[in-house]
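> Build the 3D model from these lines:
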Amino acid sequence: MTRSKSLPLLLLLGCLASSALLLSGCHKGDSGGDINHQISWQTIHVAREYTDTLMPVIRQDTSLAVPAFTVSLDLLEPTAEGDAGVIADALRSYLVACHALEGPDYEAHMSMQSYLDSVVAQGLEGYVSDLTRAKTLMRDDSESPTALLSFFAEEMFKSDSLTYNQADLVSIKISQYDFSGGANGATSIRSANYDLKHNTPVTVHQLFADGSEDKIDELLLAALMKSFGVDSPDALADKGVYFYEEAKMGEYFYLTSEGVTFYFNPYDIAAHFVGPIELTLPYADIAGCLKDEYKQRLMTE
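The predicted structure is shown next:
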(Lines give C-alpha, C1' and ligand atoms only; values in the text may rest on other atoms or scores of the structure.)
Protein backbone atom coordinates (compact mmCIF):
# COMPACT_ATOMS: atom_id res chain seq x y z
CA MET A 1 0.00 0.00 0.00
CA THR A 2 3.04 2.29 0.09
CA ARG A 3 2.32 3.63 -3.39
CA SER A 4 -0.77 5.50 -2.22
CA LYS A 5 -0.20 6.05 1.47
CA SER A 6 1.66 9.36 1.29
CA LEU A 7 -1.13 11.30 -0.43
CA PRO A 8 -4.00 10.35 1.89
CA LEU A 9 -1.84 10.77 4.97
CA LEU A 10 -0.74 14.24 3.87
CA LEU A 11 -4.32 15.07 2.97
CA LEU A 12 -5.56 13.88 6.33
CA LEU A 13 -2.89 15.76 8.28
CA GLY A 14 -3.58 18.92 6.33
CA CYS A 15 -7.32 18.63 6.86
CA LEU A 16 -6.90 17.96 10.56
CA ALA A 17 -4.59 20.94 10.95
CA SER A 18 -7.00 23.26 9.14
CA SER A 19 -9.90 21.77 11.08
CA ALA A 20 -8.16 22.48 14.38
CA LEU A 21 -7.55 26.09 13.39
CA LEU A 22 -11.08 26.56 12.16
CA LEU A 23 -12.59 24.95 15.21
CA SER A 24 -10.55 27.10 17.56
CA GLY A 25 -11.60 30.19 15.63
CA CYS A 26 -15.25 29.33 15.17
CA HIS A 27 -16.21 27.70 18.43
CA LYS A 28 -15.36 30.68 20.61
CA GLY A 29 -15.78 34.38 20.25
CA ASP A 30 -18.15 34.37 17.25
CA SER A 31 -20.51 37.33 17.33
CA GLY A 32 -24.09 37.03 16.15
CA GLY A 33 -26.24 33.94 16.12
CA ASP A 34 -27.77 32.97 19.44
CA ILE A 35 -28.27 29.36 18.41
CA ASN A 36 -24.64 29.04 17.29
CA HIS A 37 -23.54 29.63 20.87
CA GLN A 38 -25.90 26.99 22.24
CA ILE A 39 -24.47 24.22 20.08
CA SER A 40 -21.21 22.49 21.03
CA TRP A 41 -19.00 20.65 18.58
CA GLN A 42 -16.71 17.70 19.02
CA THR A 43 -14.66 15.70 16.54
CA ILE A 44 -15.47 12.00 16.42
CA HIS A 45 -12.51 9.87 15.34
CA VAL A 46 -12.86 6.34 14.00
CA ALA A 47 -9.96 4.46 12.41
CA ARG A 48 -9.58 0.86 11.33
CA GLU A 49 -6.88 -1.04 9.46
CA TYR A 50 -6.83 -4.60 8.21
CA THR A 51 -4.01 -6.27 6.27
CA ASP A 52 -4.61 -9.60 4.64
CA THR A 53 -2.25 -12.54 5.18
CA LEU A 54 -1.10 -13.88 1.82
CA MET A 55 1.45 -16.39 0.65
CA PRO A 56 5.08 -15.31 1.25
CA VAL A 57 5.64 -14.79 -2.49
CA ILE A 58 3.65 -11.55 -2.49
CA ARG A 59 5.61 -10.18 0.43
CA GLN A 60 8.89 -10.96 -1.36
CA ASP A 61 7.76 -9.02 -4.42
CA THR A 62 7.85 -5.40 -3.27
CA SER A 63 6.13 -4.25 -6.49
CA LEU A 64 2.91 -5.84 -5.27
CA ALA A 65 0.71 -4.20 -2.67
CA VAL A 66 -0.76 -6.41 0.01
CA PRO A 67 -4.59 -6.27 0.09
CA ALA A 68 -5.61 -3.92 2.88
CA PHE A 69 -8.56 -2.00 4.26
CA THR A 70 -7.82 1.42 5.75
CA VAL A 71 -10.40 3.90 7.00
CA SER A 72 -9.91 7.05 9.06
CA LEU A 73 -12.83 9.36 9.82
CA ASP A 74 -12.71 12.66 11.72
CA LEU A 75 -16.25 14.00 11.63
CA LEU A 76 -17.91 16.81 13.54
CA GLU A 77 -20.84 16.14 15.85
CA PRO A 78 -23.13 18.95 17.08
CA THR A 79 -24.82 18.61 20.47
CA ALA A 80 -27.04 20.89 22.55
CA GLU A 81 -29.61 20.83 25.31
CA GLY A 82 -33.17 22.15 25.59
CA ASP A 83 -34.81 23.71 22.53
CA ALA A 84 -31.46 23.95 20.77
CA GLY A 85 -31.12 20.18 21.21
CA VAL A 86 -33.92 19.62 18.71
CA ILE A 87 -32.03 21.71 16.16
CA ALA A 88 -28.76 19.92 16.92
CA ASP A 89 -30.44 16.55 16.38
CA ALA A 90 -31.80 17.65 13.00
CA LEU A 91 -28.42 19.12 12.04
CA ARG A 92 -26.65 15.90 13.04
CA SER A 93 -28.98 13.81 10.85
CA TYR A 94 -28.39 16.20 7.96
CA LEU A 95 -24.61 15.95 8.37
CA VAL A 96 -24.75 12.15 8.32
CA ALA A 97 -26.74 12.31 5.08
CA CYS A 98 -24.21 14.72 3.54
CA HIS A 99 -21.38 12.27 4.25
CA ALA A 100 -23.20 9.61 2.20
CA LEU A 101 -21.57 6.74 4.09
CA GLU A 102 -22.46 3.21 3.17
CA GLY A 103 -23.72 1.30 6.17
CA PRO A 104 -26.65 0.95 8.54
CA ASP A 105 -29.34 3.62 8.62
CA TYR A 106 -28.74 6.46 11.03
CA GLU A 107 -31.31 7.04 13.76
CA ALA A 108 -31.63 10.40 15.51
CA HIS A 109 -31.05 8.99 19.00
CA MET A 110 -27.69 7.45 17.99
CA SER A 111 -24.45 9.17 18.87
CA MET A 112 -22.10 9.85 15.99
CA GLN A 113 -19.48 7.68 17.68
CA SER A 114 -21.66 4.58 17.84
CA TYR A 115 -22.97 5.15 14.33
CA LEU A 116 -19.54 5.61 12.76
CA ASP A 117 -18.22 2.59 14.65
CA SER A 118 -21.02 0.48 13.14
CA VAL A 119 -20.45 1.89 9.64
CA VAL A 120 -16.73 1.08 9.68
CA ALA A 121 -17.30 -2.37 11.24
CA GLN A 122 -19.86 -3.24 8.57
CA GLY A 123 -17.53 -1.97 5.83
CA LEU A 124 -14.67 -4.11 7.08
CA GLU A 125 -16.91 -7.16 7.37
CA GLY A 126 -18.01 -6.71 3.75
CA TYR A 127 -14.44 -6.20 2.59
CA VAL A 128 -13.19 -9.38 4.27
CA SER A 129 -16.13 -11.34 2.87
CA ASP A 130 -15.50 -10.10 -0.68
CA LEU A 131 -11.76 -10.73 -0.43
CA THR A 132 -12.30 -14.25 0.87
CA ARG A 133 -14.65 -14.97 -2.03
CA ALA A 134 -12.16 -13.53 -4.52
CA LYS A 135 -9.32 -15.66 -3.12
CA THR A 136 -11.48 -18.77 -3.46
CA LEU A 137 -12.32 -17.98 -7.09
CA MET A 138 -8.67 -17.30 -7.94
CA ARG A 139 -7.20 -20.27 -6.12
CA ASP A 140 -6.91 -22.41 -9.26
CA ASP A 141 -5.97 -19.56 -11.58
CA SER A 142 -2.85 -20.48 -13.52
CA GLU A 143 -1.83 -16.82 -13.56
CA SER A 144 -0.61 -15.33 -10.32
CA PRO A 145 -3.65 -14.88 -8.07
CA THR A 146 -1.55 -12.96 -5.57
CA ALA A 147 -0.78 -10.36 -8.23
CA LEU A 148 -4.49 -9.96 -8.93
CA LEU A 149 -5.32 -9.72 -5.25
CA SER A 150 -2.70 -7.04 -4.75
CA PHE A 151 -5.15 -4.60 -6.33
CA PHE A 152 -7.84 -5.56 -3.83
CA ALA A 153 -7.36 -2.43 -1.73
CA GLU A 154 -9.72 -0.01 -0.06
CA GLU A 155 -8.82 3.30 1.57
CA MET A 156 -10.97 6.17 2.78
CA PHE A 157 -9.89 9.27 4.68
CA LYS A 158 -12.56 11.81 5.57
CA SER A 159 -12.43 14.93 7.75
CA ASP A 160 -14.66 17.91 8.53
CA SER A 161 -13.80 21.61 8.80
CA LEU A 162 -16.23 24.09 10.33
CA THR A 163 -15.90 27.02 7.92
CA TYR A 164 -18.77 29.20 9.17
CA ASN A 165 -20.50 29.31 12.54
CA GLN A 166 -22.32 32.58 13.15
CA ALA A 167 -25.51 34.51 12.28
CA ASP A 168 -27.45 31.28 13.01
CA LEU A 169 -25.74 29.67 10.01
CA VAL A 170 -23.36 26.71 9.84
CA SER A 171 -21.16 25.53 6.98
CA ILE A 172 -18.96 22.45 7.01
CA LYS A 173 -16.43 21.47 4.38
CA ILE A 174 -15.98 17.71 4.05
CA SER A 175 -12.60 16.65 2.62
CA GLN A 176 -12.34 13.09 1.37
CA TYR A 177 -9.83 10.74 -0.23
CA ASP A 178 -10.88 7.37 -1.67
CA PHE A 179 -8.84 4.60 -3.22
CA SER A 180 -10.27 1.26 -4.31
CA GLY A 181 -7.57 -0.11 -6.56
CA GLY A 182 -6.46 1.10 -9.96
CA ALA A 183 -4.08 3.84 -10.97
CA ASN A 184 -5.20 6.72 -8.77
CA GLY A 185 -7.18 7.57 -5.72
CA ALA A 186 -9.76 10.35 -5.75
CA THR A 187 -9.61 13.52 -3.68
CA SER A 188 -12.95 15.30 -3.41
CA ILE A 189 -15.00 17.81 -1.44
CA ARG A 190 -18.53 17.72 -0.07
CA SER A 191 -20.26 20.35 2.02
CA ALA A 192 -23.10 20.87 4.47
CA ASN A 193 -24.87 24.22 4.83
CA TYR A 194 -27.51 24.69 7.50
CA ASP A 195 -29.77 27.49 8.70
CA LEU A 196 -30.20 27.08 12.46
CA LYS A 197 -32.84 29.81 12.60
CA HIS A 198 -35.17 27.97 10.22
CA ASN A 199 -33.83 24.50 11.10
CA THR A 200 -33.35 23.55 7.46
CA PRO A 201 -30.48 23.08 4.98
CA VAL A 202 -29.45 26.12 2.95
CA THR A 203 -29.66 25.68 -0.81
CA VAL A 204 -28.14 27.94 -3.43
CA HIS A 205 -31.63 29.11 -4.45
CA GLN A 206 -32.44 30.09 -0.88
CA LEU A 207 -29.20 32.04 -0.67
CA PHE A 208 -29.29 33.89 -3.99
CA ALA A 209 -32.03 35.96 -5.57
CA ASP A 210 -33.77 34.80 -8.73
CA GLY A 211 -32.02 36.01 -11.85
CA SER A 212 -28.59 36.20 -10.24
CA GLU A 213 -27.18 33.15 -12.04
CA ASP A 214 -25.57 35.06 -14.91
CA LYS A 215 -23.76 37.46 -12.55
CA ILE A 216 -22.51 34.61 -10.35
CA ASP A 217 -21.35 32.67 -13.41
CA GLU A 218 -19.48 35.74 -14.64
CA LEU A 219 -17.77 36.17 -11.28
CA LEU A 220 -16.88 32.47 -11.13
CA LEU A 221 -15.21 32.57 -14.54
CA ALA A 222 -13.21 35.64 -13.52
CA ALA A 223 -12.19 33.94 -10.25
CA LEU A 224 -11.23 30.79 -12.16
CA MET A 225 -8.95 32.70 -14.54
CA LYS A 226 -7.39 34.58 -11.63
CA SER A 227 -6.82 31.34 -9.73
CA PHE A 228 -4.86 29.86 -12.64
CA GLY A 229 -3.11 33.09 -13.63
CA VAL A 230 -4.51 33.37 -17.15
CA ASP A 231 -6.04 36.29 -19.06
CA SER A 232 -8.55 34.44 -21.23
CA PRO A 233 -10.90 31.46 -20.84
CA ASP A 234 -9.24 29.60 -23.72
CA ALA A 235 -5.91 29.68 -21.85
CA LEU A 236 -7.46 27.61 -19.06
CA ALA A 237 -7.21 24.48 -21.24
CA ASP A 238 -3.42 24.70 -20.98
CA LYS A 239 -3.86 24.31 -17.20
CA GLY A 240 -6.04 21.23 -17.53
CA VAL A 241 -9.31 23.14 -17.05
CA TYR A 242 -10.95 21.84 -20.21
CA PHE A 243 -14.58 22.49 -19.29
CA TYR A 244 -14.41 26.00 -17.84
CA GLU A 245 -17.84 26.78 -19.30
CA GLU A 246 -19.29 24.38 -16.70
CA ALA A 247 -18.01 26.56 -13.83
CA LYS A 248 -21.48 27.77 -12.93
CA MET A 249 -23.50 28.53 -9.83
CA GLY A 250 -24.61 25.25 -8.27
CA GLU A 251 -25.32 23.47 -5.02
CA TYR A 252 -21.64 22.71 -4.39
CA PHE A 253 -20.69 25.56 -2.06
CA TYR A 254 -19.88 26.46 1.53
CA LEU A 255 -19.78 29.71 3.49
CA THR A 256 -16.69 31.36 4.97
CA SER A 257 -16.08 34.65 6.75
CA GLU A 258 -14.78 36.10 3.45
CA GLY A 259 -17.50 34.96 1.05
CA VAL A 260 -19.26 32.04 -0.62
CA THR A 261 -16.88 29.34 -1.86
CA PHE A 262 -18.02 27.26 -4.82
CA TYR A 263 -16.08 24.07 -5.46
CA PHE A 264 -15.65 21.71 -8.39
CA ASN A 265 -14.35 18.17 -7.95
CA PRO A 266 -12.05 16.32 -10.38
CA TYR A 267 -13.66 15.88 -13.80
CA ASP A 268 -16.36 18.50 -13.08
CA ILE A 269 -14.51 21.19 -15.01
CA ALA A 270 -10.90 19.96 -15.11
CA ALA A 271 -8.71 16.89 -15.45
CA HIS A 272 -8.07 14.57 -12.51
CA PHE A 273 -4.53 15.83 -11.91
CA VAL A 274 -5.81 19.36 -11.22
CA GLY A 275 -7.67 18.18 -8.13
CA PRO A 276 -10.63 19.98 -6.54
CA ILE A 277 -11.00 23.64 -7.48
CA GLU A 278 -12.31 26.13 -4.89
CA LEU A 279 -13.38 29.65 -5.87
CA THR A 280 -14.39 32.19 -3.21
CA LEU A 281 -16.63 35.08 -4.21
CA PRO A 282 -16.33 37.91 -1.63
CA TYR A 283 -19.57 39.07 -0.05
CA ALA A 284 -18.95 42.61 -1.30
CA ASP A 285 -18.91 41.34 -4.90
CA ILE A 286 -22.10 39.30 -4.57
CA ALA A 287 -24.10 41.61 -2.30
CA GLY A 288 -26.54 42.44 -5.10
CA CYS A 289 -27.13 38.73 -5.73
CA LEU A 290 -27.92 37.65 -2.17
CA LYS A 291 -31.49 37.55 -0.92
CA ASP A 292 -32.19 40.30 1.59
CA GLU A 293 -32.37 38.02 4.63
CA TYR A 294 -29.03 36.37 3.97
CA LYS A 295 -27.39 39.63 2.88
CA GLN A 296 -28.26 41.10 6.27
CA ARG A 297 -27.08 38.04 8.19
CA LEU A 298 -23.87 37.42 6.25
CA MET A 299 -22.75 41.03 5.86
CA THR A 300 -23.59 42.37 9.33
CA GLU A 301 -20.32 41.13 10.85
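> use CA for all of it now, contacts and neighbours both
Will do.
> In its sheet, which strands sit next to the strand or helix carrying Tyr164, and in what direction?
Using DSSP states H and E, Tyr164 maps to strand 154-166. Based on DSSP bridges, the strands next to strand 154-166 in the sheet, each with its direction, are strand 68-79 (parallel), strand 169-179 (antiparallel).
> Export those strands as JSON lines, with columns for mean neighbour count.
Putting the strands paired with strand 154-166 into JSON lines (neighbours: other C-alpha atoms under 10 Å) gives the following:
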{"stretch": "strand 68-79", "mean neighbour count": "21"}
{"stretch": "strand 169-179", "mean neighbour count": "22"}
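> In the stretch 1-150 of the chain, mark out all the helices, start to finish.
In order along the chain, the stretch 1-150 of the chain carries the following helices (DSSP state H, counting those that start in this stretch): 2-26, 34-38, 56-60, 83-99, 112-138, 145-149.
> do the stretch 151-300 of the chain as well
With DSSP H, counting those that start in this stretch as the definition, the stretch 151-300 of the chain shows helices at residue ranges 204-207, 213-228, 283-286, 292-298.
> Make JSON lines from the ones you listed and add mean neighbour count and distance to Ser161 to it.
Converted to JSON lines, the helices of the stretch 151-300 of the chain look like this (neighbours: other C-alpha atoms under 10 Å; distance: least, C-alpha to C-alpha, whole Å):
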{"stretch": "helix 204-207", "mean neighbour count": "15", "distance to Ser161": "20"}
{"stretch": "helix 213-228", "mean neighbour count": "17", "distance to Ser161": "22"}
{"stretch": "helix 283-286", "mean neighbour count": "14", "distance to Ser161": "20"}
{"stretch": "helix 292-298", "mean neighbour count": "16", "distance to Ser161": "19"}
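> Out of the ones you listed, which gets nearest to Ala192?
When those are compared by C-alpha to C-alpha, helix 204-207 sits nearest Ala192, at 11.7 Å.
> Domain parsing of the chain, as residue ranges.
Each domain of the chain is listed here as a residue range: 1-202, 203-301, per automatic domain parsing.
> among those, where is the model least confident on average?
Mean pLDDT is lowest for domain 1-202 among those, at a mean of 79.
> Against His109, how distant is the residue nearest to the spatial centre of the chain?
Here the mean C-alpha position of the chain is nearest to the C-alpha of Ile174 (C-alpha atoms, centre = their mean), at a distance of 2.6 Å. As defined by C-alpha to C-alpha, to the nearest Å, Ile174 lies at a distance of 23 Å from His109.
> ok, now which ones touch the nearest residue to Thr261 once chain neighbours are set aside?
Counting by C-alpha to C-alpha, 6 or more residues apart in numbering, the nearest residue to Thr261 once its immediate chain neighbours are dropped is Thr280, at 4.0 Å. When contacts are counted by C-alpha atoms under 8 Å, 6 or more residues apart in numbering, Thr280 is found next to Ala223, Glu258, Gly259, Val260, Thr261, Phe262.
> one more time with 7 Å
Applying C-alpha atoms under 7 Å, 6 or more residues apart in numbering to Thr280 gives the contacts Gly259, Val260, Thr261, Phe262.
> out of these, which one sits closest to Ile189?
Using C-alpha to C-alpha as the measure, the one of the contacts of Thr280 that approaches Ile189 most closely is Phe262, at 10.5 Å.
> what number of residues lie near the closest one?
For Phe262, the number of neighbouring residues by other C-alpha atoms under 10 Å comes to 21.
> With adjacent residues omitted, what lies nearest to it?
Of all residues not flanking Phe262 in the chain, Phe253 sits nearest, at 4.2 Å (C-alpha to C-alpha, 6+ apart).
> Am I right that the one you found is in contact with Tyr263?
Yes - the criterion here is C-alpha atoms under 7 Å, and Phe253 meets it with Tyr263 at 5.9 Å.
> and Met112, what is it in contact with?
Ile44, Glu77.
> gap between the nearest residue to Pro282 once chain neighbours are set aside and Asp195?
Ranked by C-alpha to C-alpha, 6+ apart and with sequence neighbours excluded, the top spatial neighbour of Pro282 is Gly259, at 4.2 Å. From Gly259 across to Asp195, the span is 16 Å (C-alpha to C-alpha).
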